[in-house]
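Undergrad: output the structure for:
(one chain, ligands or ions: 2)
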Amino acid sequence: MWSTLITIFLTRLVFVNGFSYDNQTAWKKEHTKCKGNYQSPIRLDRKTAIIIGKVPEIAFLNYNTVIGGDRVDVLNNGNTIRISFDQVDNSKKPMVKDGPLGRDQFVMEDIHFHWGSFPTRGTEHKLDGVSYSLEAHLVHRNVKYESFEDAKGKENGIVVLAVPFKEKSEGVSTLSGVVNLLEKVKFTGNETTFHGNFVLDKMFYLKKEKLYFMYEGSLTTPVCDEKVLWIVYSKARCVLKSEMFKFRSLKRIDGEPLINNFRKPQKPNGRKVILVV
Ligand SMILES: *[C@@H]1O[C@H](CO)[C@@H](O)[C@H](O)[C@H]1NC(C)=O
Ligand SMILES: *[C@@H]1O[C@H](CO)[C@@H](O)[C@H](O)[C@H]1NC(C)=O
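TA: Ligands and ions are numbered 1, 2, ... in the order given. Next up, the predicted model:
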């Protein structure tokens, strides 16, 4: 009896910001911030971006550190697959700094994914007009704020690194570690941890990567807090068709396939988009 009630309660907690990708118009009605002038995602185009070279490299701290996988949580929250680092020792948490980020350090909050129902649908940012299957978001918060909640909407509060993945029949994918866990988090509310070791850099290889877009926007889910610095890598990585099949087999809270969990492009409203080369 109680266990049923508790399960319902926990499911609601997971689903606390209940929103649906089916009706994105509703977001703007229910959450004022989603109507802001600096929303994300947007279309990013080489031709119109301000091109800047000689930007110092971003420093990736602990991206190559071996983290005990049992500390890294993986959750199906009904809207995405979320990998969180709450249980990771502070000394091992991935962080970014330098490059365009200034003096502050930004610690990893979570990694989550947006994907579509077919290969040309899924990424939130359109790159030169193109969409791919999957976009990973590596969400970081400024360490000067106590928590993610605290950092939301604040000056220099949040930096998100976005990495697009293009679907291919064969090739080398770096996402197998995540994909292998998807069966265990098929349903909303299911949670698991990585087995063995977790090394972030083996999934994204960002260290040597230049070529990224940079602009100021918002979180792409309600309540859409702004003042988020976006760093969107322009080169798509490989995700296998068989892997995308597994992403698309995940379930929402209503039992429907968890697909097309991307927000539509928002108005740029004169924002500067920089392309770092
Ligand atoms: C979407 O949500 C808005 C606002 O809540 C509502 O007015 C509209 O009818 C909804 N559209 C659909 C197709 O459900
Ligand atoms: C996943 O969630 C489903 C539906 O709530 C539940 O029946 C199942 O036991 C869960 N599986 C695990 C491994 O927690």
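Undergrad: can you say which helix or strand has Lys29 in it?
TA: Using DSSP states H and E, the element containing Lys29 is helix 25-30.
Undergrad: next SSE downstream of that helix?
TA: Counting by DSSP H and E, the next helix or strand C-terminal to helix 25-30 is strand 43-44.
Undergrad: what's that next one packed up against?
TA: For strand 43-44, the contact count by 3 or more Cβ pairs under 8 Å, 6 or more residues apart in numbering; DSSP states H and E identifies strand 126-127 as packing neighbours. Using the backbone N, CA and C atoms, a C-beta is placed for each residue, glycine as well.
Undergrad: what's next to the strand it packs on, contact-wise?
TA: For strand 126-127, contacts defined as Cβ atoms under 8 Å, 6 or more residues apart in numbering pick out 41, 43-44, 164, 213, 232, 234, 236, 265.
Undergrad: which one of those residues is nearest Met108?
TA: The closest of these to Met108 turns out to be Val232 (Cβ to Cβ; 17.2 Å).
Undergrad: before we move on, back to that, is the helix holding Lys29 positioned near ligand 1?
TA: Yes: applying Cβ under 6 Å from any ligand atom, one finds helix 25-30 in contact with ligand 1 at 25-26, 29.
Undergrad: among those residues, which one has the most neighbours?
TA: Within the residues of helix 25-30 next to ligand 1, most neighbours by other Cβ atoms under 10 Å means Ala26, with 13 neighbours.
Undergrad: sorry, back to before: including pLDDT, could the residues of helix 25-30 next to ligand 1 go into TSV?
TA: As requested, these are arranged in TSV below (pLDDT from 0 to 100):
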residue	pLDDT
Thr25	94
Ala26	94
Lys29	94
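Undergrad: for the helix holding Lys29, the distance to its chain's centre please.
TA: Between the centre of helix 25-30 and the centre of its chain there are 21 Å (Cα atoms, centre = their mean, to the nearest Å).
Undergrad: swap in stretch 194-202?
TA: 17 Å.
Undergrad: mean confidence score for it?
TA: Averaged across stretch 194-202, the pLDDT comes to 89.
Undergrad: check which residues of it are buried.
TA: Going by neighbour count (16 or more other Cβ atoms under 10 Å), the buried part of stretch 194-202 is 194, 198, 200.
Undergrad: residues contacting the first one?
TA: Think Phe194. By Cβ under 8 Å, 6+ apart, the contact set of Phe194 is 69-70, 72, 74, 177, 181.
Undergrad: just among those residues, which is most surrounded?
TA: Val72 leads these on contacts (other Cβ under 10 Å) with 23 neighbours.
Undergrad: how about the residues of helix 25-30 next to ligand 1 in JSON lines, adding distance to Lys154?
TA: Putting the residues of helix 25-30 next to ligand 1 into JSON lines (distance: Cβ to Cβ, whole Å) gives the following:
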{"residue": "Thr25", "distance to Lys154": "28"}
{"residue": "Ala26", "distance to Lys154": "26"}
{"residue": "Lys29", "distance to Lys154": "25"}
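Undergrad: residues in the stretch 51-200 of the chain within reach of ligand 2, list them.
TA: 184, 187, 189-190.
Undergrad: around ligand 1, pick out the residues from this structure.
TA: Residues of the chain lying close to ligand 1 (Cβ under 6 Å from any ligand atom) are 23, 25-26, 29.
Undergrad: all helices for the stretch 1-150 of the chain, in order.
TA: 2-14, 25-30, 148-151 (DSSP state H, counting those that start in this stretch).
Undergrad: tell me, what residue is most central in this structure?
TA: Centroid check for the chain by Cα atoms, centre = their mean gives His137 as the closest residue, at 1.9 Å.
Undergrad: in this structure that one contacts Leu161, no?
TA: Yes: the pair His137 / Leu161 is scored as a contact, 7.4 Å apart, by Cβ atoms under 8 Å.
Undergrad: could you find which two of the contacts of Phe194 are furthest from each other?
TA: Greatest spacing in the contacts of Phe194, by Cβ to Cβ: Asp70 and Gly177 (13.7 Å).
Undergrad: ok and the residue in the stretch 101-250 of the chain nearest ligand 1?
TA: Nearest residue of the stretch 101-250 of the chain to ligand 1: Pro222, at 12.3 Å (Cβ to the nearest ligand atom).
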